[in-house]
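A.B. asks: predicted model and sequence below, questions to follow.
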Amino acid sequence: MAEGQIKNRVCIVGSGNWGSAIAKIVGRNAARLPNFEDRVTMWVYEEMIEGKKLTEIINETHENVKYLPGHKLPANVVAVPELVDAAKDADLLIFVVPHQFVRTICSTLLGKIKPTAAALSLIKGFDIAEGGGIDLISHIITRCLKIPCAVLMGANIASEVAEEKFCETTIGCRDVMLAPMMRDIIQTEYFRVVVVDDEDAVEICGALKNIVAVGAGFVDGLGFGDNTKAAVIRLGLMEMIKFVDVFYPGSKLSTFFESCGVADLITTCYGGRNRRVAEAFVKTGRSIKELEDEMLNGQKLQGPITAEEVNHMLANKNMENKFPLFTAVFRICRGELKPSDFIDCIRSHPEHMKQMAPKCSL
Ligand SMILES: NC(=O)c1ccc[n+]([C@@H]2O[C@H](COP(=O)([O-])OP(=O)(O)OC[C@H]3O[C@@H](n4cnc5c(N)ncnc54)[C@H](O)[C@@H]3O)[C@@H](O)[C@H]2O)c1
Ligand SMILES: O=P(O)(O)OC[C@H](O)CO
């Protein structure tokens with residue numbers, strides 16, 4: 001990051017639904033804070049909208065008419081179609097793309113960004129690692145680009161944030177020098193930031209909650225009620241805690257009580273896209289891919305792919321039965337089980353077998 005009187009330049013890598021909502025916040029903060037350059041670049045994966053380039057529409061109208069229609073972006077947010085042009089001078093790179101695109105983006109940026117830059121990832125998801133495990137997206141960014149990467153996750157449905165409805169978010173950042181800068185460029189009166197140092201657990205919460213949201217959509221589609229959904233949320237939370245406990249030991253239980261944990265689970269299981277498409281999947285019997293294309297107008301689902309990535313690791317480690325909810329979501333999305341099998345899969349959940357309160361090593 002630039003020090004002293006030098007102003008930090010920000011690039012937002014991504015311009016989807018969440019990318020555009022966060023651009024509204026970041027643009028305004030950059031314009032008002034003395035230690036940031038006013039101009040914020042926003043990399044846009046170029047596409048044509050009714051014969052016109054999306055970048056041109058955004059720069060002329062200050063509205064991302066495809067991914068966040070009805071909301072004006074600040075005029076200092078400039079849409080740039082070339083990734084390297086957008087990112088090369090940035091001191092802070094805010095990554096906010098569907099997780100399946102991150103490796104390609106990193107390889108395009110390799111050697112083309114400032115070596116002193118820092119990153120903040122808003123991406124909820126994992127990737128498959130060599131050797132049968134999973135990779136955290138922030139780790140991929142750090143490893144590929146050789147820059148530090150903090151994370152931001154929370155109960156943050158983009159449309160509500162864009163409407164400036166009050167909410168909280170969690171930044172996971174171990175670097176005490178970078179944390180205030182990250183908070184300042186993000187925080188507003190209506191978007192309140194809590195910074196914790198438990199980076200990996202924050203990010204894992206953000207990824208895993210999307211699997212639980214798919215389960216919540218299944219029970220909605222099957223016509224169950226709020227008690228059932230509460231059970232899915234609770235069992236999902238317990239699997240999230242166990243996942244972190246087993247695979248990322250040393251994380252803190254308190255992180256699950258931040259916005260990135262319980263709060264995001266609740267919002268996503270009631271108001272998110274993963275829930276909505278999973279409900280339609282049960283009600284219509286059509287494929288998730290078909291419904292994603294039809295219902296989301298180019299926006300991307302993260303839950304079904306994350307369930308697949310997590311299952312890849314659980315199956316390799318022979319641990320699918322320890323995470324029956326994650327496993328059932330994966331098998332139902334894949335067509336190996338019927339949606340109506342969901343409750344049977346979680347009826348005898350390990351959480352129901354405990355005789356006493358769990359002993360958690362977190
Ligand atoms: N939308 C939300 O409410 C929300 C809230 C919090 C976090 N998130 C997370 O933020 C991340 C980004 O989500 P989003 O809602 O901004 O995106 P989105 O779901 O709106 O995805 C669409 C974006 O992907 C881009 N895209 C399509 N094909 C591409 C390609 N081949 N390469 C690169 N980009 C391509 C599109 O141009 C568009 O900008 C996800 O991990 C999501 O889980 C989303
Ligand atoms: O719409 P979803 O299901 O991708 O969830 C959006 C956000 O992650 C909620 O915080």
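C.D. replies: In hand now; what should we look at? Ligands and ions are numbered 1, 2, ... in the order given.
A.B. asks: what residue is smack in the middle of the protein?
C.D. replies: The residue lying closest to the centre of the chain (CA atoms, centre = their mean) is Lys124, at 2.2 Å.
A.B. asks: for that residue, which non-adjacent residue is closest in space?
C.D. replies: Spatial nearest neighbour of Lys124, excluding adjacent residues (CB to CB, 6 or more residues apart in numbering): Gly206 at 4.1 Å. C-betas here are computed from N, CA, C, even on glycine.
A.B. asks: please, which helix or strand holds the one you found?
C.D. replies: Using DSSP states H and E, Gly206 sits within helix 199-221.
A.B. asks: restricting to C-alpha, output that helix in CSV.
C.D. replies: Provided in CSV are the C-alpha atoms of helix 199-221 (Å, rounded to 0.1, in the frame of the first residue of the first chain):
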residue,chain,number,x,y,z
GLU,A,199,-9.2,-14.6,8.3
ASP,A,200,-9.6,-18.3,7.3
ALA,A,201,-12.7,-18.9,9.4
VAL,A,202,-14.4,-15.7,8.1
GLU,A,203,-13.8,-16.9,4.6
ILE,A,204,-14.9,-20.5,5.2
CYS,A,205,-18.2,-19.2,6.8
GLY,A,206,-18.9,-17.2,3.6
ALA,A,207,-18.3,-20.2,1.4
LEU,A,208,-20.1,-22.9,3.4
LYS,A,209,-23.2,-20.9,4.1
ASN,A,210,-24.1,-21.1,0.4
ILE,A,211,-24.4,-24.9,0.7
VAL,A,212,-26.7,-24.5,3.7
ALA,A,213,-28.8,-22.0,1.6
VAL,A,214,-29.3,-24.6,-1.0
GLY,A,215,-30.6,-27.0,1.7
ALA,A,216,-32.9,-24.2,3.0
GLY,A,217,-34.3,-23.9,-0.6
PHE,A,218,-34.9,-27.6,-0.7
VAL,A,219,-37.1,-27.6,2.4
ASP,A,220,-39.0,-24.5,1.1
GLY,A,221,-39.6,-26.3,-2.2
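A.B. asks: what mean pLDDT does it have?
C.D. replies: Throughout helix 199-221, pLDDT has a mean value of 98.
A.B. asks: also stretch 247-267?
C.D. replies: What stretch 247-267 shows for mean pLDDT is 97.
A.B. asks: list the buried residues of that stretch.
C.D. replies: By 16 or more other CB atoms under 10 Å, the buried positions in stretch 247-267 come out as 247-248, 251, 255-256, 258-267.
A.B. asks: what does it rub up against?
C.D. replies: Residues from elsewhere that reach stretch 247-267 (CB atoms under 8 Å, 6 or more residues apart in numbering): 133, 153-157, 167-170, 172, 194, 196, 198, 200-202, 204-206, 209, 212-213, 233, 236-237, 240-241, 244-245, 313, 360-362.
A.B. asks: now these: which count as buried?
C.D. replies: For the contacts of stretch 247-267, buried by 16+ other CB under 10 Å: 153-157, 167-170, 172, 196, 198, 200-202, 204-206, 209, 212-213, 233, 236-237, 240-241, 244-245, 313, 362.
A.B. asks: near ligand 1, from the residues you listed?
C.D. replies: With CB under 6 Å from any ligand atom as the criterion, the buried ones among the contacts of stretch 247-267 include 156-157 near ligand 1.
A.B. asks: quick one: pLDDT of the residue of the stretch 251-362 of the chain found nearest ligand 1?
C.D. replies: Residue of the stretch 251-362 of the chain nearest ligand 1, by CB to the nearest ligand atom: Gln299 (3.5 Å). Each residue has a pLDDT score; the one for Gln299 is 98.
A.B. asks: helix, strand, or coil at it?
C.D. replies: Following DSSP: H, G, I helix; E, B strand; the rest coil, we place Gln299 in the coil state.
A.B. asks: and what of Asp127?
C.D. replies: Classification of Asp127 using three-state DSSP returns strand.
A.B. asks: give me the neighbour count for it.
C.D. replies: Residues near Asp127, counting by other CB atoms under 10 Å, number 18.
A.B. asks: next one: the one 4 residues further on
C.D. replies: With neighbours defined by other CB under 10 Å, the count for Gly131 comes to 7.
A.B. asks: and it, how far from Asn316?
C.D. replies: 9 Å (CB to CB, to the nearest Å).
A.B. asks: what touches both of these two?
C.D. replies: With CB under 8 Å, 6+ apart as the test, Gly131 and Asn316 reach no residue in common.
A.B. asks: low pLDDT regions in the stretch 51-200 of the chain?
C.D. replies: Low-confidence segments of the stretch 51-200 of the chain (pLDDT under 70): none present.
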